[in-house]
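# pasting a predicted model and its sequence here:
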Amino acid sequence: MSDSLVFEKPAIGRGALAGVVATAALSVLMVMKAAMGLMPELNPVGTIANMLGVPAPVGWIVHFAIGTIWGIAFALVSHMLPGAFWLRGMLFSIAPWLMMMIVMMPMAGDGFFGLKLGMAGPVMTLVLHLFFGAVLGAVYGARAARMRPA
């Protein structure tokens, strides 16, 4: 049976785990982006640390906490989204991206949708969020498949 047709009770722990894994995968991309010198002005972890007035390592901890919270939120709503789990994750990831664009970017001084960073800002963050969502959904779905009785 296709995983897009399966309804199951939300698994908060599985969502949290998927959030951590997806955040780790996203973090690797973010570090690679920085190492290549691509859009150095777009540094979400540095922005978090600056906004909170904490050192960078604490910014990373908060970054992972946020990803974990979004993973739990995904567990709660994934059954309402269409398609395979990876696609559900990508669709879901638009919500945290919008939150970042409408709330966090202006709070950080980067403007609505981060447009003070140029058009590449919202595009790059959308791509990163879609990647996060694909990994989030795939991990959540893979764990669901392992837990289903044969």
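Cool, got the structure. None of the values given here were measured: they were computed from a predicted structure.
# just the helices from the protein, written as ranges.
Using DSSP state H, the helices of the chain run over 12-35, 44-52, 56-77, 85-92, 94-99, 105-107, 120-147.
# those: which one's closest to Phe113?
helix 120-147 (4.8 Å; CB to CB). To be clear about C-beta, it is placed using only N, CA and C from the backbone, and glycine gets the same treatment.
# now the angle from the closest one to helix 44-52?
For helix 120-147 against helix 44-52, the angle by axes from the mean of the first three to the mean of the last three CA atoms, to 10 degrees is 110 degrees.
# can you pull the contacts of the spatially closest residue to Ala25 that is not a sequence neighbour?
Once flanking residues are discounted, Ala25 sits nearest to Val135: 4.6 Å by CB to CB, 6 or more residues apart in numbering. Going by CB atoms under 8 Å, 6 or more residues apart in numbering, Val135 touches Ala18, Val21, Ala22, Ala25, Leu26, Gly89.
# report the buried residues of stretch 108-127.
Within stretch 108-127, the residues scored as buried using 16 or more other CB atoms under 10 Å are Ala108, Asp110, Phe113, Gly114, Leu117, Gly121, Pro122, Met124, Thr125, Leu126.
# rewinding a little: just the helices of the chain: most buried one?
helix 85-92 (a mean of 23; mean count of other CB atoms under 10 Å).
# follow-up on the earlier one: can you tell me which of the contacts of Val135 is nearest Val103?
When those are compared against Val103 (criterion: CB to CB), the nearest one is Leu26, at 18.8 Å.
# so what's the nearest residue to the closest one once chain neighbours are set aside up against?
Leaving aside its chain neighbours, Leu26 sits nearest to Phe132 (4.5 Å; criterion: CB to CB, 6+ apart). Residues counted as contacts of Phe132 (CB under 8 Å, 6+ apart) are Ala22, Thr23, Ala25, Leu26, Gly67, Trp70, Gly89, Ser93, Pro96.
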